[in-house]
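[1] Sequence below, structure please.
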Amino acid sequence: MRATVGDRLLVHGNTVGEPDRSGVIIEIQGLGGGPPYLVRFDDGHTTLVVPGPDAVVVPA
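    Sure, this is the predicted structure:
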């Protein structure tokens, strides 16, 4: 998985009834665009994310 600052990270809910989450990647901490990513989610929460198989990077 590769990303650039400004791309969106979409994390699909992995249990029934859990909504998807999305946010903007504001910092890349891995090598060559790889994870972990600092993400500001749409609810205002900012956290360091190592995306799993339920996540997709949407180019800006």
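[2] For the rest of this, base every contact and every neighbour count on C-alpha atoms.
    Noted.
[3] Within the sheet, what are the partner strands of the host helix or strand of Val24, with directions?
    Per DSSP states H and E: Val24 is located in strand 21-28. In the sheet containing strand 21-28, its partner strands are strand 8-11 (antiparallel), strand 37-41 (antiparallel), by DSSP bridges.
[4] So in terms of bridging, what pairs with Val24?
    Judged by DSSP bridges, the bridge partners of Val24 are Arg8, Arg40.
[5] where does it land on pLDDT?
    Turning to Val24, the model gives it a pLDDT of 98.
[6] Correct me if wrong: it contacts Thr4.
    No: at 10.0 Å, Val24 does not count as touching Thr4 under the criterion of CA atoms under 8 Å.
[7] More neighbours: which of those two?
    When Val24 and Thr4 are compared for neighbours, Val24 comes out ahead with 22 against 19, by other CA atoms under 10 Å.
[8] Buried residues of stretch 7-26, list them for me.
    Residues of stretch 7-26 classed as buried by neighbour count (16 or more other CA atoms under 10 Å): Asp7, Arg8, Leu9, Leu10, Val11, His12, Ser22, Gly23, Val24, Ile25, Ile26.
[9] could I get that stretch in CSV with only the CA atoms?
    Written as CSV, here are the backbone C-alpha positions of stretch 7-26 (Å, rounded to 0.1, in the frame of the first residue of the first chain):
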residue,chain,number,x,y,z
ASP,A,7,-4.9,11.1,-0.2
ARG,A,8,-7.9,9.7,1.6
LEU,A,9,-7.9,6.5,3.7
LEU,A,10,-11.2,4.6,3.7
VAL,A,11,-11.5,1.9,6.4
HIS,A,12,-14.4,-0.4,5.8
GLY,A,13,-16.4,-1.5,8.9
ASN,A,14,-15.4,-5.1,9.7
THR,A,15,-18.5,-6.1,11.7
VAL,A,16,-22.2,-5.9,10.9
GLY,A,17,-23.5,-2.4,11.6
GLU,A,18,-20.1,-0.8,12.0
PRO,A,19,-19.9,2.2,9.6
ASP,A,20,-17.0,2.9,7.3
ARG,A,21,-14.5,5.5,8.4
SER,A,22,-12.6,7.9,6.2
GLY,A,23,-10.0,10.6,6.6
VAL,A,24,-7.2,12.5,5.0
ILE,A,25,-3.6,11.3,5.3
ILE,A,26,-1.7,14.2,6.7
